[in-house]
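1. sequence first, predicted model second:
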Amino acid sequence: MSYTRGRALERLAQNLGTPSARVEAELLLRHVLGCSRVELYADLSAELSYGQASALQRAASSRRAGAPLQYVTGTQAFCDLELVVGPGVLVPRPETELVAQRCLRRLDGVSDPVVVDVGTGSGAIALYLASHRSDGRIWATDVSAEALEWARRNVDGLKAANVNLVECDLLAGLPDELRGRCDLVVSNPPYLSEAEYAQAPADVRDHEPADALVCGNDGLEVSIRLIAEALDWLRPNGALVVESGPAQAERLKLAVEQCFQGVTITKDLAGRARIIEGSKQ
């Protein structure tokens with residue numbers, strides 16, 4: 001019996017067992033075939049080769065076992081970029097796209113900006129800013145060597161010559177010449193409390209790096225440290241932009257207000273407090 005694209009799609013959607021099974025089935029099939037959505041639906045009667053059918057079965061098995069969809073396909077879209085991701089690095093979320101876009105607005109009118117993306121992970125924010133501000137110097141730090149390997153793959157793949165990767169905690173590894181000269185410090189730090197992390201989906205808890213997600217009893221420890229360090233590296237009127245969990249946003253805003261001016265909270269598309277930003281006095 002022939003095994004067509006259409007039959008494979010329907011069977012996978014029925015058996016995947018995830019909340020968005022139809023969407024995920026399509027993405028897995030497109031991943032295996034290496035085709036666009038238009039190309040997939042243009043010929044659903046085309047038969048899968050033995051190799052394609054086997055690859056699809058392996059991908060489906062990995063997803064049913066709980067691996068994040070993005071780990072299975074090896075990619076994640078972020079704004080107008082396509083990033084490679086996998087075990088050892090956090091999958092970029094839609095909320096972080098808003099952070100990157102807020103940063104780009106912050107750089108309006110700034111010539112040759114110097115930006116630091118703290119806890120860069122896959123390099124998402126740094127690479128977005130680098131792609132839109134070719135005149136900028138972007139520094140991307142992370143304490144995880146494994147995460148930085150993924151960032152390096154993305155930097156190389158996108159040929160982002162203006163992105164510099166540094167393995168360090170927060171801003172500790174930056175060249176001293178940047179002290180007091182940075183136009184923007186941005187971070188998507190770990191901000192889940194232990195209690196929130198315990199309630200996270202299993203594919204997150206079992207596969208994505210906990211150090212990139214959870215931060216103690218209140219989720220604020222890393223963000224509070226970042227506020228203090230950022231002051232030393234930002235120029236006067238330089239901006240700090242930090243992603244936050246909704247439960248932590250008001251407390252984080254109060255902490256930022258102790259050192260920065262014009263502090264605001266921006267909500268995400270679901271209406272939850274998400275981004276704290278302010279300017280150095």
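-> Everything's here; your move. Residues are numbered from 1 along each chain as shown.

2. quick one: the strands in the stretch 101-250 of the chain?
-> 114-118, 137-142, 163-167, 182-187, 234-243 (DSSP state E, counting those that start in this stretch).

3. and the gap between the most centrally placed residue in the chain and Leu220?
-> By CA atoms, centre = their mean, the chain has its centre lying nearest to Pro92, at 2.3 Å. Note on Pro92: its distance to Leu220, by CB to CB, to the nearest Å, is 22 Å. The C-beta positions use only the backbone N, C-alpha and C, and glycine is treated the same way.

4. and for Val155?
-> In terms of CB to CB, Val155 sits 30 Å off from Leu220.

5. wait, doesn't Ile276 sit right on Ile265?
-> Yes: contact criterion CB atoms under 8 Å: Ile276 and Ile265 qualify, at 5.9 Å.

6. quickly list what's touching both of those two.
-> Ala249, Lys253 (CB atoms under 8 Å, 6 or more residues apart in numbering).

7. and these two? Which one has more around it.
-> Legend: neighbour count by other CB atoms under 10 Å for Ile276 and Ile265, higher for Ile276 (27 against 16).

8. helix or strand for that one, which one?
-> Assigned by DSSP states H and E, Ile276 belongs to strand 273-280.

9. as a check, name the ranges of all helices in the chain.
-> 5-15, 21-33, 37-42, 50-64, 69-73, 94-106, 124-132, 145-157, 194-198, 202-207, 221-233, 249-257 (DSSP state H).

10. buried deepest among those, which one?
-> Compared across the helices of the chain, helix 124-132 shows the largest average neighbour count, a mean of 25 (mean count of other CB atoms under 10 Å).

11. how distant is that one from the center of its chain?
-> 11 Å (CA atoms, centre = their mean, to the nearest Å).

12. kindly report the same for stretch 44-63.
-> The mean C-alpha position of stretch 44-63 is separated from the chain mean by 28 Å, CA atoms, centre = their mean.

13. same question for stretch 73-87.
-> Chain-centre distance of stretch 73-87: 9 Å, with CA atoms, centre = their mean.

14. circling back to that earlier point, closest to Glu24 out of the strands of the stretch 101-250 of the chain?
-> strand 234-243 (25.6 Å; CB to CB).

15. quick revisit: out of the strands of the stretch 101-250 of the chain, which one sits most buried?
-> When the strands of the stretch 101-250 of the chain are compared using mean count of other CB under 10 Å, strand 114-118 is most buried, at a mean of 27.

16. what lines up beside that one in the sheet?
-> strand 137-142 (parallel), strand 182-187 (parallel) (DSSP bridges).

17. can you list the residues that contact stretch 209-226?
-> Residues outside stretch 209-226 that contact it (CB under 8 Å, 6+ apart): 88-90, 118-119, 121, 143-144, 146-147, 170-171, 185, 187, 189-194, 196-197, 200, 204, 240, 242, 244-245, 247-248, 251-252, 255.

18. straight-line length of it, end to end?
-> 20 Å (CA to CA, to the nearest Å).

19. average pLDDT for that stretch?
-> Taken as a whole, stretch 209-226 has an average pLDDT of 96.

20. low-confidence ranges in the stretch 1-150 of the chain?
-> 1-2 (pLDDT under 70).

21. as a markdown table, the strands paired with strand 114-118 with distance to Glu82 would be great.
-> Converted to a markdown table, these look like this (distance: least, CB to CB, whole Å):
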| stretch | distance to Glu82 |
| --- | --- |
| strand 137-142 | 18 |
| strand 182-187 | 21 |
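
22. in JSON lines, list the helices of the chain along with distance to Glu82.
-> Below are those laid out as JSON lines (distance: least, CB to CB, whole Å):
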{"stretch": "helix 5-15", "distance to Glu82": "22"}
{"stretch": "helix 21-33", "distance to Glu82": "12"}
{"stretch": "helix 37-42", "distance to Glu82": "14"}
{"stretch": "helix 50-64", "distance to Glu82": "18"}
{"stretch": "helix 69-73", "distance to Glu82": "11"}
{"stretch": "helix 94-106", "distance to Glu82": "13"}
{"stretch": "helix 124-132", "distance to Glu82": "10"}
{"stretch": "helix 145-157", "distance to Glu82": "9"}
{"stretch": "helix 194-198", "distance to Glu82": "28"}
{"stretch": "helix 202-207", "distance to Glu82": "21"}
{"stretch": "helix 221-233", "distance to Glu82": "28"}
{"stretch": "helix 249-257", "distance to Glu82": "30"}
